[in-house]
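> What shape does this take:
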Amino acid sequence: MTEFKLKKGFLIGVASAATQIEGGELEHSWQDWYRRGKIKDNSNPARANDHYARYQQDTLLMKEMGIEIYRLGIEWARIEPQKGVFDGAVIQRYCDEIKQLQLQGIKVLVTLHHFTNPLWFENIGAFSKKENISYFIKYIEVVLKAFGPEVAEYITINEPNVYTTFGYFFGEWPPGEKSLTKTIKVLSILAAAHLQAYLKIHEIRKEMGFSDTKVSFANHLRVFIPKDSKKLKDRFFTKLLAKLFQQDIAVAMMKAKFPWYMKNILKLPQGIYCDFIALNYYTRSCVSGMSDGVKEKVTVNDLGWEVYPPGIIQCAQQLYDICQLPIYITENGTCDNHDSFRARYIYEHLKEISESSLPLARYYHWCFCDNFEWLEGESARFGIVHIDYDNQKRTIKNSGRFFSEIIANKEVTTSMYDKYVKDQEYPRND
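Numbers count the residues shown, from 1 in each chain. Sure, this is the predicted structure:
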């Protein structure tokens, strides 16, 4: 059967990160990384999508496309450009954007930290020092009090495992370190930062008289499989990598239950420190020894990541087994530079979600517009809206029109499938 209906009450929208779309020459860790020549195509995040100046245009485009929910990232480096100095005009600008979104009927989920640090924070050690948590909490206090009743839902930290692994283990992201000891330390501090932020956000909003607060952090999960299931070594390392990369940090941040190699540095009691499950899902990994790669002879995207739709439910189940809470897919999308298979990708993942018995409540596609894709720069396109970076023209892609029809109809019909999906095929790595 090609047809499916969305779950009752299921909401669909898009996600973004401030650094990837806003533009502007800012003093933050990724602008510094660009200055060091670390971006593969030498793209400058100061260009990006110029969204900071064009947010009203983008909001109206979201409205035109029927977007129901938006995961909005805010830039700490804009809000607090110098330690202890908060820019009221920037905060007001974000308040204006949030109000504009809500006027268009778009519900907002705010992400407080998405990979990027103010340069002053990076220069004092960022999340490698537990005393620096206080700066993160102060930033949150300022933001919460400014947003007041306008925002009830927050993501504290996006993908702490990815931030830490690439920044402190592989050294490919800022700050470019390669230390297992440091990686574990930063993971512990990020977990503590989330736990304290969770409590602080609830405390502030309760004092303001609000009872609708929802807080979580965005988990990055993938499916891990052994390259050779007959080899004990491959099976062992498959379980070990899944445990170290995603399972342990999820339990620590969701329940304050820490594995032996991490520390509960704030000595917070075990409990539930999230109000919904936030899952970012993209791909499946194939494990051989300590190496993590891609299975041979499978469908892949333009970055070579395997396309594996059943994994979105497998990963959701893993998190649901930890805490039985509503599940938001806070990121799911694919690099498809010519928009030749993205409609199929969206279709197959939403079909998996619609047919699952898990309490999946929302889907945020990554992403709305093509944007600055971290190390890949402008070379990797994930958006349902095309960006011409030279003139900043926005053009809805074929996949974007399909996305809009799904939202409008609350289903995929055979005619929709035939129009958008039927003739699309993924690349293969044969």
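
> And the helices in the stretch 51-200 of the chain?
Per DSSP state H, counting those that start in this stretch, the stretch 51-200 of the chain carries helices over the ranges 51-65, 76-79, 88-103, 119-123, 133-147, 160-164, 180-207.

> What average pLDDT does the fourth one get?
Going back to what we said before, that points to helix 119-123. If you average the pLDDT over helix 119-123, you get 98.

> Which strands or helices does that helix pack on?
helix 29-35 (3 or more Cβ pairs under 8 Å, 6 or more residues apart in numbering; DSSP states H and E). Any C-beta I mention is one placed from the backbone N, CA and C, and that applies to glycine too.

> do the longest one as well
On a contact count with 3+ Cβ pairs under 8 Å, 6+ apart, helix 180-207 meets helix 133-147, strand 153-158, helix 160-164, strand 214-226, helix 248-255.

> For the fourth one, name the packing helices and strands.
Right, the one you point to is strand 214-226. The helices and strands touching strand 214-226, judged by 3+ Cβ pairs under 8 Å, 6+ apart, are strand 153-158, helix 160-164, helix 180-207, helix 232-242, helix 248-255, strand 277-288, helix 311-322, strand 327-332.

> Using a markdown table, lay out the ones you listed together with mean pLDDT.
Listed next are the helices and strands packed on strand 214-226 as a markdown table, based on pLDDT from 0 to 100:
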| stretch | mean pLDDT |
| --- | --- |
| strand 153-158 | 98 |
| helix 160-164 | 97 |
| helix 180-207 | 97 |
| helix 232-242 | 92 |
| helix 248-255 | 98 |
| strand 277-288 | 96 |
| helix 311-322 | 98 |
| strand 327-332 | 98 |
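
> Can you give me the buried ones in stretch 95-113?
By neighbour count on 16 or more other Cβ atoms under 10 Å, the buried set for stretch 95-113 is 95, 97-98, 100-101, 106-113.

> Render the CA-only coordinates of that stretch in CSV, please.
Output in CSV follows, covering the C-alpha atoms of stretch 95-113 (Å, rounded to 0.1, in the frame of the first residue of the first chain):
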residue,chain,number,x,y,z
CYS,A,95,10.9,38.3,20.4
ASP,A,96,9.6,39.9,17.3
GLU,A,97,10.4,36.8,15.2
ILE,A,98,8.6,34.5,17.7
LYS,A,99,5.6,36.8,17.7
GLN,A,100,5.5,36.9,13.9
LEU,A,101,5.6,33.1,13.7
GLN,A,102,2.8,32.8,16.2
LEU,A,103,0.7,35.4,14.3
GLN,A,104,1.0,33.1,11.3
GLY,A,105,-0.2,30.1,13.4
ILE,A,106,3.2,28.5,13.7
LYS,A,107,4.0,27.0,17.1
VAL,A,108,7.6,27.6,18.2
LEU,A,109,10.1,25.3,19.9
VAL,A,110,13.3,27.2,20.8
THR,A,111,16.8,25.6,20.8
LEU,A,112,19.1,27.4,23.2
HIS,A,113,22.4,25.8,22.2
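
> Check the offset of that stretch from the chain's centre.
The chain centre lies 17 Å from the centre of stretch 95-113; the measure is Cα atoms, centre = their mean, to the nearest Å.

> from the middle of its chain, how far away would the helix or strand of the chain with the lowest mean pLDDT be?
Every helix and strand in the chain was compared by mean pLDDT, DSSP states H and E; the lowest is strand 291-293, with a mean of 85. Here strand 291-293 is found 22 Å from its chain centre; the criterion is Cα atoms, centre = their mean.

> returning to what we had before: looking at the helices and strands packed on helix 180-207, which is buried most?
strand 153-158 (a mean of 25; mean count of other Cβ atoms under 10 Å).
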